[in-house]
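> return a 3D structure for these sequence lines:
(3 chains)
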Amino acid sequence: MNTKAKERSQIKVITGNAAAAIGAKLARPDVVAAYPITPQTEVIEQISSFHASGEMDCELITVEGENSAMNAVMAASLAGGRVFTASSSWGLVFMYDAILATAGARAPVVMVNVNRETPGIIAVSSGQQDMISTRDSGWIFLIAENCQEVLDLVLQAYRLAEDYDIQVPVMVHYDGFYLSYLSEVVDVPFQEDVDQFLSVLKDQPQRTTLKPGKKLGCGSHGILGGYLELRHKHVTAMERSKAKFDQIDKEYEEIFGRSYGGQIEKYKMDDADVVLVGSGSMCGTIKSVIDEKREQGIKIGLLKMRMYRPFPSEKMIAALKGKKAIGVVDRSLNFGFKGGPIYTELKSFESKLEGAKLVSFIDGIANTDITKENVGKMIDMTGDLANGKDVQEVTWVSYPEAQGGI
Amino acid sequence: MTEKKKAKLTPVLDYLKHEDPFAKGVAFCPGCGLELLLRFIPQVMGNDIVITGTPSCSAPVLLGQNNQSWHKLSYFGTLMTGAAANATGLARYYKKAGIDNTVVCFNGDGTAADIGFGNLSGAAERNEPFIYICYDNEGYMNTGVQKSGTTPYGATTTTTPFGAASKGKNLRRMNLALKMAMHKIPYAATATLSDLGDLAKKLLKAKEMKEKGFCFLHVFAPCPTGWGAAPDNTIEICRRAVKTNYFPLWEAENGKIRMTKTIKKPKPVKTYTELMKKFKFMDEEDHKILQDDVDYEYCILGGLSVLEAECQLPLPADE
Amino acid sequence: MSEVRFHGRGGQGVVTTSKILANAFARTGQFGASFPMFGFERRGAPVTAFGRFSDKPVREKTQIYYPDVLVVLDPSQQNSDAVFQGLLPDGMMLLNSSEKEVDVSHENLKKLGVVDANKIALEEIGLPIPNTVIAGAFAKLTGLLDIEPVANALEDYFEGSKLEGNIVCAKRGFEEVALYEF
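Residues are numbered from 1 along each chain as shown, chains lettered A, B, ... in the order given. This next block holds a predicted model:
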């Protein structure tokens, strides 16, 4: 991350949840729907308090369940409003039908999902399984590493979702517990700067909206040729969103002085022989271990995925090709496959990686901590692979009982 | 000649102030109660309503699913699970943006009473500013006649078929309208197609009352195809449903119930069931159960409607 | 970077203590990160929180296994193995205790601070919530902070008379903590 010094700032020590709520407030949504679930609850509490104090002039719908939250913001979005909601885990999957419908209707909804484990019912714990369970919904998925990035991504998500050339809903993911409850230093943008950043959308053509008496239908999906046209446009819009996100990241830097690299962030990648691929809060820990390992002369780098859907394959291939070995760290499972989800997806591009070898690490599920020791172990194993040693394809780092493969 | 024609107009036609926005030849079965209702609503309430529809019998027409004859209304096609939440989102955004609106959330009994009841109840509890109209054909008709929560005792459907161990649905129907009235919303009412003047009044009342919040209309709408009835009997079925007290007509403001039509000498419910094949396996005993259920529900309604005048707060136990 | 582990019970403001300190570090241009150990939070149940304080941005997002400093708000845990687990050599401990002579020992413990935070809090805010006293005492024990940023940080968590009372708590914690070296 390049940090350009700004002449003014508002430094606050806030949680990831508060950062999400403040991000939403700064975007001035028309309609917010709210339903509590651990570890997201603080987001909607904060928004409710902003609403109660008059700081946030929105229609706040305190729905009776997450399914209604998504349905309400989808409709409000298609009517022309800017919307926000937040969920996690079982809440996210309870809104799954509406999540699909929202993508299908190309409603530019923005939400945050505070990653939490499923399918354990009372797994009130970290994990990205909820993200994996919803990855094929036709949404754009972005992932934050720290509280600052949560706030920044919420603002960037509006630019991406509501862009006239995109019009695809965006979900900003951040790790439950590790970021939701982490209080850290966040530079909170000024409202006028946010207004300026988002004003680009006002200069674009108006998207089609549903208004009384307009003789227009939406949400309807034809069975015949129109359906193929709609879905093909949806897929191509998602492809366009990759470069758009990179561009938005640059524009964000011009105003706020913070850039993260767009679809992916490369940390000490240029001369690296060995690379870990990660996402979310684990990346901070990985960076810190990389610095220690580099002091020992190990050429290791990190590729941080900031965009997960669409899959940033071109950027990843360009950054990873020719490396000796790549360890992919997944905080989730890919049922039906041995390796983790991101590993399995990257594996499908293996032939383009010019001989780079891939291994899968699974860690951080259900509050198992991705410790510095664990990261060191992953780096060592990936290094062994680079040096031609035999390394098992999949390692459950915090579950030694699984050693020797699955 | 024109004068004479005008003189013949019934009061019902006076309510039809707006164009019928539906094309001719829409994809409904002959005698469909839903079609009559769907054409009636915008003619009374205006063509500037925003109507939401779900996958159901209304979908082929409302959602233009079959690329056939269509309509000219603004509509929002959605899922059965969250229709009331969709209507909430629309109405709230229009409110925020200062846009005059009448959002009509139009659903069958499957959505209203079963799969979408949670969000219907939630919207009512929050007093959301829109009108929810349930057309009750007592089952899942679009998927081929399956039982729903409003399917009455004794009715056969494809999921409560007649067989050696079954004579049809062996459970009593839920009273959706009464449940909604108990949410103490500004306006709840029942209506049906044999009493169009009453229906029109209630539609207009709902349009007025939605300024105060949530309005719910429960409209009894026969399905000749699914019920095994002659297509030209739809209105007669409605009439007898009212005259037997099988479907009483009432309204409730803030939960206070008032009958809008009282039947002095209610006919036996058998005079209603005999019009439909879905009840053909019912014997005398079954009819007694259904009749008891009808009488019981009417008794509750009657009790509630007089309660306000006579009711006193319960006295403490020791007095 | 200083890694601090907080031990207390629900209702003592354990998590808030670490937040206040992170906030205070931010006010000096440094960086702080604070988070609770995960679990269902209930009044009276043992609570653990973590704090990382540094002059550089804090990147690690893991629990703290090898703390430099232990902060014990609940005196009943003062000699528990769980509290001392992983304490690094030259470690410090801040203890909330009403005892005149405290019986605390660990091979890696170099410096101990003891303050009767409940008593001070009762006197100043009328409630036995020790967290702001502890935050002030932390500044004195570790020498990482002056009392001013700690007092200033309180304005993000309290207002009105509660703010004033808690500022006094923090200042008294800073002044009244008894320090011992081993």
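> tell me where chain C has helices.
With helices called from DSSP state H, chain C shows them at C:14-27, C:81-84, C:117-125, C:131-142, C:147-153, C:160-176.
> indicate which one of the ones you listed is closest to chain A.
helix C:14-27 (4.1 Å; Cβ to the nearest Cβ). C-betas here are computed from N, CA, C, even on glycine.
> do that closest one and chain A meet at all?
Yes. Against chain A, helix C:14-27 shows contacts by Cβ under 8 Å from any Cβ of the partner chain at C:18-19, C:22-23, C:26-27.
> closest to chain B among these?
Of the residues of helix C:14-27 next to chain A, the one sitting nearest to chain B (Cβ to the nearest Cβ) turns out to be residue C:19, at 34.0 Å.
> what's the most buried one of the helices of chain C?
helix C:131-142 (a mean of 29; mean count of other Cβ atoms under 10 Å in any protein chain shown).
> so what's residue A:125 up against?
By Cβ atoms under 8 Å, 6 or more residues apart in numbering or on different chains, the contact set of residue A:125 is A:116-117, A:176-177, A:365-367, C:38.
> now list the buried members of those.
Among the contacts of residue A:125, those buried by neighbour count (16 or more other Cβ atoms under 10 Å in any protein chain shown) are A:116-117, A:176-177, A:365, A:367, C:38.
> just give me the closest of those to residue A:377.
For the buried ones among the contacts of residue A:125, the residue nearest residue A:377 by Cβ to Cβ is residue A:365; the value is 16.1 Å.
> spatially nearest residue to the closest one (excluding sequence neighbours)?
residue A:127 (4.6 Å; Cβ to Cβ, 6 or more residues apart in numbering or on different chains).
> that older thread, now distance to residue A:199, pLDDT and secondary structure too, for the buried ones among the contacts of residue A:125, in TSV please.
Converted to TSV, those look like this (distance: Cβ to Cβ, whole Å; pLDDT from 0 to 100; DSSP: H, G, I helix; E, B strand; the rest coil):
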residue	distance to residue A:199	pLDDT	secondary structure
A:116	35	96	coil
A:117	39	94	coil
A:176	33	96	coil
A:177	36	94	coil
A:365	42	93	helix
A:367	42	85	helix
C:38	40	71	coil
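> and those residues, which two are furthest apart?
A:365 and C:38, at 13.2 Å, using Cβ to Cβ across those.
> between those two, what contacts are shared?
Counting by Cβ under 8 Å, 6+ apart, the common neighbours of residue A:365 and residue C:38 are A:125-126.
> the residue nearest to residue A:365 against residue A:115, yeah?
Yes. Taking Cβ atoms under 8 Å as the definition, residue A:127 is a contact partner of residue A:115 at 6.5 Å.
> out of those two, which sits in the busier spot?
For residue A:127 versus residue A:115, neighbours defined as other Cβ atoms under 10 Å in any protein chain shown are more numerous around residue A:115 (34 against 26).
> how much space separates the more buried one from chain C?
Distance, residue A:115 to chain C, using Cβ to the nearest Cβ, to the nearest Å: 13 Å.
> so that residue bridges to which residues?
residue A:175 (DSSP bridges).
> show me what stretch B:79-88 is in contact with.
A:33, A:61, A:63, A:67-72, A:74-75, A:97-98, A:101, B:52, B:54-56, B:76, B:78, B:103-105, B:107, B:110-111, B:115-116, B:119-120, B:122-123, B:126, B:128, B:130, B:132.
> tell me who's in contact with residue A:270.
Neighbour list for residue A:270: residue A:301 [criterion: Cβ under 8 Å, 6+ apart].
> for it, helix, strand, or coil?
coil (DSSP: H, G, I helix; E, B strand; the rest coil).
> where does pLDDT dip in the stretch 201-319 of chain B?
For the stretch 201-319 of chain B, applying pLDDT under 70 flags the ranges B:308-319.
> can you rerun that using 50?
Within the stretch 201-319 of chain B, the stretches with pLDDT under 50 are B:319.
> all the strands of it, residue numbers only.
Using DSSP state E, counting those that start in this stretch, the strands of the stretch 201-319 of chain B run over B:215-220, B:250-253, B:256-259.
> now do the spatially most central residue of chain B against residue B:255, distance only.
In chain B, the C-alpha nearest the mean C-alpha coordinate belongs to residue B:219, at 2.1 Å (Cα atoms, centre = their mean). According to Cβ to Cβ, to the nearest Å, residue B:219 and residue B:255 sit 20 Å apart.
> same deal with residue A:105?
Distance from residue A:105 to residue B:255, counting by Cβ to Cβ: 36 Å.
> looking at those two, which is more packed in?
Higher neighbour count among residue A:105 and residue B:255: residue A:105, with 23 against 15, using other Cβ under 10 Å.
> does the helix or strand of chain C with the lowest mean pLDDT reach chain A?
Lowest on mean pLDDT, DSSP states H and E among the helices and strands of chain C sits helix C:81-84, with a mean of 91. No. Helix C:81-84 does not reach chain A (Cβ under 8 Å from any Cβ); its nearest approach is 16.0 Å.
> need the contact list for residue 87.
Just going to use chain A. The neighbours of residue A:87, taking Cβ under 8 Å, 6+ apart as the test, are A:35, A:37, A:40, A:66, A:69-70, A:95, A:111, A:113-114.
> meant chain C actually
Contacts of residue C:87 (Cβ under 8 Å, 6+ apart): C:66-67, C:70, C:93, C:106, C:108-109.
> what are the ranges of the helices in the stretch 1-150 of chain A?
In the stretch 1-150 of chain A, the helices defined using DSSP state H, counting those that start in this stretch lie at A:16-26, A:41-52, A:66-79, A:89-94, A:96-104, A:129-133, A:147-161.
> now do the helices in the stretch 201-319 of chain B.
Under the criterion DSSP H, counting those that start in this stretch, helices of the stretch 201-319 of chain B are mapped to B:224-227, B:234-243, B:270-273, B:284-310.
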